[in-house]
Each structure stands twice: as C-alpha cells, then as structure tokens.
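Visitor: Here is my input; please provide its structure:
(chains A and B)
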Amino acid sequence: MQEIKASMAGTVLNVMVGEGDAVTAGQELVMLESMKMEIPIEGVEEGTVAEVKVNVGDFVNEGDVLVTVK
Amino acid sequence: MNHLEELLSSRASEVESGGAEKYHEKLKESNKLFVRDRLKLLFDNGDYMEDGKFANHLAKDLPADGVVTAIGSVNGEKVCVMANDSTVKAGSWGARTVEKIIRIQETAMNLKVPLLYLVDSAGARITDQLEMFPNRRGAGRIFHNQVKMSGMVPQVCLLFGPSAAGGAYIPAFCDIVIMVDKNASMYLGSPRMAEKVIGEKVTLEQMGGARMHCSTSGCGDVLADNEEHAIELGRSYLSYFPGNFHKQPPHLEGKLPSLEKSISEIVPENQNAPFNMYDLIDALVDKESFFEMKKLFAPELITGFARIDGRVVGLIANQPKVKGGVLFVDSADKGAKFIQLCDAYHIPLIFLADVPGFMIGTKVESAGIIRHGAKLIAAMSSATVPKISVVVRKAYGAGLYAMAGPAFEPDCCIALPTAQIAVMGPEAAVNAVYANKINAIEDPKERIEYVKEKHQEYKEHIDIYKLASELIVDDIVPGSELRHVLVDRLSYYESKEVEPPSKKHPVYPV
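Guide: As a prediction, the model looks like this:
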C-alpha cells in the first residue's frame, strides 16, 4: 500500500481523485496550498486509490497521509 | 634479470594480485571492481606511482595491508589516492593500513594536490585495535588530517562498498561523496550491531544505503549507477577545481547552452505558478557543463557547478516545482555547505532567486529552522568570491537575504522584469495589514473586489522600477540577455579581492 504524504504543512486546496480511481505513476493526486504557492502532491507508482483521507480546507502537517493507493 | 630481481618481481606480482581468488569472485558477483582496476580507470593512462606496496609483507596474507596509496595524474593534473582493497580482510584497517593513509595525506599536503579516497572497507580490525585506534598516529589522525587539509586541497570520496563505524568519517570530512547505488553504504553501527545493542531490526539499505544517504540524510552528494560511473564522476568533478587553494579553477573553452528556449519564455509572469528552474539553468550555462550536488536531497534548492563561457561558477537556485521553492532546514544546510565549498576554491557564486521565503509552522520551528537558516545566511555573507544575485521572480522576506540580497554585498543584485522583492507576498501582506477591514465587509463579492484592489496597490508599491530607482537593485535585465550579462560581469569581477575582517574565526550558527 502506498501512503501519499504531504511534503510540507499547508491546507488542502483540491483533491483530484476519488476512491477506486486508477492512477498512473507520478500523477497529481492532491493540490495543497502552502506559503501562498500551489503545491502539487503526486503519487509514486501506478495503482488504484484505496482511501482519500482529507477534505478540501483541511490543515495537514508535513508527513500526514493524504491518500492511500494500492 | 638476476636472482634478486626475479624474487622482487614475483613478490610484487603476488602483492598486486590482492587477496584470495574467492574474494575476487565475490567482487564480480556484486558488480564490483578490484581495487587496482579502479585505479586503472581513474588515472590517466592507468599509470600511478605506489608507496608502501610491501606493507605488512611478513604477514603473507595481507598484501599491501589492504590499501593502495599512490600518486598519478587525472585530467593531466597530479592527484594522490588512497584505495581500500576489499579482497584483503574486507578492506579492514590494520596499523600499517592507517599509517599508509596518514602518509598519503601528508604527501598531498606537501605537494599541495587533491586527495581521492576510494573507500571500500569494513572498518577497523578489532584484533589490532590497540595499534591503530587510540594512538597519536592511529585512525583518529586520518580525520584530524582531513580537517587540517580541508580547504587546502580538494578531498573527494568515491564510496564503492561499506565505510563502517569510524571509517564513515572519511566520507564525512570530504568535500564531495560519490556513492555507488546498491553497493555503497555508511553507518556508525551495522544492522547486526543495532540488533544486538539497541534491538532495532533493519536492512543494510535502510540503515545506511547509498540511496538513503543521497536522498534523506544528505551525507551523500551524488548517486552513481555503477563503479565506472562513479569514477567518471570523480574525474569530472576534479575538472571544475584548482589543484589547491593557491590557484584558480581551470578556465576552459566556452560552449553555447543546450536549451534553445529563451529565459524570457521560461519564467511565468504569474508569481504563484510553478516553472522548472532546471530549464532556466539549461538556457544559461554551457552545454553539458552542469554538475549537480545533492540532487536527491532537499530538491527545493538546486546546487551545482557549471561553466558559463568556459568559466566555472557555483549555482544556487530555488526550484519552484518542489515545495513551492520554499527554504527548509535541509535546503539551508545544503546551500551552506555548497557555498563554503565554492568560496574555498575561488568559484564565483550565482544565486537564482524565486523564493517565497523560509518555511513556517511548528514542525520546522522545533527542527530549528531559525538557526539552520542563519547558517545559510552566514555562509553566504562570509563568502568573498564574486557573488551575483539574480532575482528571477519573487524574493520575499528572509528568502531575499538567503539568496544574497543587496545587504550582503553581492557584487551586483540584478532583477529580471518579473522580479518581485518584498517582505512578504501580496496575499499575505494584504491579509496582515487589512484583516479587520476585510472581515468587516459583509458582501462576499465586495470583499473579493476590495482584496483584489489592495493586491494591485501592493504590487505597484513593490514595482521593480521603484526598487531600481532607489538603487536597491543594480539593474533590470531581460531574460534573453541574462547569460550575456553574466559572462561580462564574471569577467569584470575576476580581480575581486576582499580581505575578511581580522579575527580567529566566526562563531557560525550550526
């Protein structure tokens, strides 16, 4: 199971995938906003989205799991 | 040949063949080279002059006491080399091994030439520890010498296998560590020791693998695909450096950049949209001249050597594609080390700024981002090589300072037309100053209009021409002319000579 984590503290601006979606390697899964910049969070390997753990507007800390991909 | 010379020849060949055949077989299985084959690839024409070949000869099964120490040429320049032989007791250190290493260091200091450490060693021979660990000319002296030599001559580590326990300090004191993926490793305690002494169970790669060190710990600078690649990288690295600190870096023939795209096209006007700083670098530097340091570590800051019209420069650039280009604890450390390395060997520094500032929040505060950032700024401030600050896009707050802002006496601070220098960005500033007024507006549409208006006012307030008018920046330059401007300025700044203020040494933030 891949755990896709926040690379830095910030808020969830947009969630681009839903549970069950097929995703490719390196696909942008979540967009964070931090330090007034858009921070794309990409997956690593291809797979299927198992769980989306955050909602738009949530604060996340560096290292928090945003999405799991199996 | 007479009888004595025949004896010499046979004994020399025996020593040169290293350890037992089975250990050579093991090397091949791990895609590793025999030490003398590494030296053949490293040195020009495979030639070198060896000292101490017959070390520990009376022991019969410890040829050269497991290390080759030699002088030869690389790229036509003299260098000294220490290279462990892992076919001899796993490259472990006995008393004579250590003495040979200390002597080649002394040689490098006397001749004022670079020293390369080709490391592949299991560490100290515990059986010999009294003779090689605690004494004045024991292993500790190797590290003491490395510190003495640091900044005098380049010290390069090529890590081909383990560098265990105390031995891990050889890479630690080098200017650059090139590690072979999947084979190189470094750790103070092996996984076996960790399991026995603290109860932790992990693999070799997890504890101290090359990839971990090049991407997470920051102890490694370059990850090589294999041994030949590592040696090639070592030779390439040396081509950017003078042989010692009395000389200037080699100035080669200039080449045009590889990227056809103009810098004006690469940098977006929208301050918050990411662009790839590597594209800008490719459009700026001589084709194929970029040698990156710590590519996999703190990628939000790019550090690397390059040539601009044949002249060596050190580039430090924010990467907006990673974490918005924000500076973190690791990026601060990465930048500080790189700046010091360039300054030690007269390599001019070029800062390419597109930085929203240093990261904020509890995670980084407890990690000490303030003192790490101060470390970066201290290194930049005390560098006396030509320093050119280019404000590519935004440069907010302490980010401006870190990227050699005007107060730190760069030889020039120049801006692209997209430059936006401010204590903070429009969104944060407007929020800070007008928060109460904004919240007092009931209608959401009106509120958005008001905020937009304030953003526009702020942008006019920090308009780059205003800053140029106040001599905050020395010039505004279109992206398409940036390379040309840098070529000329680097040539003018060649004669820069600044005496650091008289004192024993600064008390650097760590």
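
Visitor: what residues are up against residue B:133?
Guide: B:124, B:139-140, B:166 (Cβ atoms under 8 Å, 6 or more residues apart in numbering or on different chains). All C-beta spots, glycine's among them, are computed from the backbone N, C-alpha and C.

Visitor: Flag every residue of chain A that's near chain B.
Guide: A:7-9, A:34-40, A:61-63 (Cβ under 8 Å from any Cβ of the partner chain).

Visitor: ok, so of those residues, who is nearest chain B?
Guide: Closest approach between the residues of chain A next to chain B and chain B, by Cβ to the nearest Cβ: residue A:37, at 3.0 Å.

Visitor: Just give the nearest non-adjacent residue to the closest one, would you?
Guide: Counting by Cβ to Cβ, 6 or more residues apart in numbering or on different chains, residue B:324 is the residue found nearest to residue A:37 once chain neighbours are left out, at 3.0 Å.

Visitor: Report how many residues lie close to that neighbour.
Guide: 28 (other Cβ atoms under 10 Å in any protein chain shown).

Visitor: just to revisit the earlier point, make CSV from the contacts of residue B:133 and add distance to residue B:28 and pLDDT to it.
Guide: Below are the contacts of residue B:133 laid out as CSV (distance: Cβ to Cβ, whole Å; pLDDT from 0 to 100):
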residue, distance to residue B:28, pLDDT
B:124, 27, 94
B:139, 30, 96
B:140, 35, 97
B:166, 29, 82
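
Visitor: need those in JSON lines with neighbour count and distance to chain A, can you?
Guide: What follows is these, written out as JSON lines (neighbours: other Cβ atoms under 10 Å in any protein chain shown; distance: Cβ to the nearest Cβ, whole Å):
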{"residue": "B:124", "neighbour count": "21", "distance to chain A": "37"}
{"residue": "B:139", "neighbour count": "25", "distance to chain A": "38"}
{"residue": "B:140", "neighbour count": "16", "distance to chain A": "38"}
{"residue": "B:166", "neighbour count": "17", "distance to chain A": "33"}
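
Visitor: Please confirm that residue B:353 is located within a strand.
Guide: Yes. Judged by DSSP: H, G, I helix; E, B strand; the rest coil, residue B:353 forms part of a strand.

Visitor: Verify the stated contact: it with residue B:392.
Guide: Yes. Judged on Cβ atoms under 8 Å, residue B:353 makes contact with residue B:392 at a distance of 5.9 Å.

Visitor: And the strands in the stretch 1-150 of chain B, which stretches?
Guide: B:48-51, B:67-74, B:77-84, B:115-121 (DSSP state E, counting those that start in this stretch).

Visitor: and among those, the most buried is which?
Guide: strand B:115-121 (a mean of 27; mean count of other Cβ atoms under 10 Å in any protein chain shown).

Visitor: Residue B:336 should be in a helix, yeah?
Guide: Yes. Secondary structure of residue B:336 (three-state DSSP): part of a helix.

Visitor: and it, how many residues sit next to it?
Guide: Neighbours around residue B:336, by other Cβ under 10 Å: 23.

Visitor: which bits of chain B sit near chain A?
Guide: So chain B meets chain A at B:272-274, B:320, B:322-326, B:328, B:356-357, B:359-364, B:425, B:427-428 (Cβ under 8 Å from any Cβ).

Visitor: Just the buried ones from those?
Guide: Neighbour-count burial (16 or more other Cβ atoms under 10 Å in any protein chain shown) is assigned, among the residues of chain B next to chain A, to B:272, B:274, B:320, B:322-326, B:328, B:356-357, B:359, B:361, B:363-364, B:425, B:427-428.
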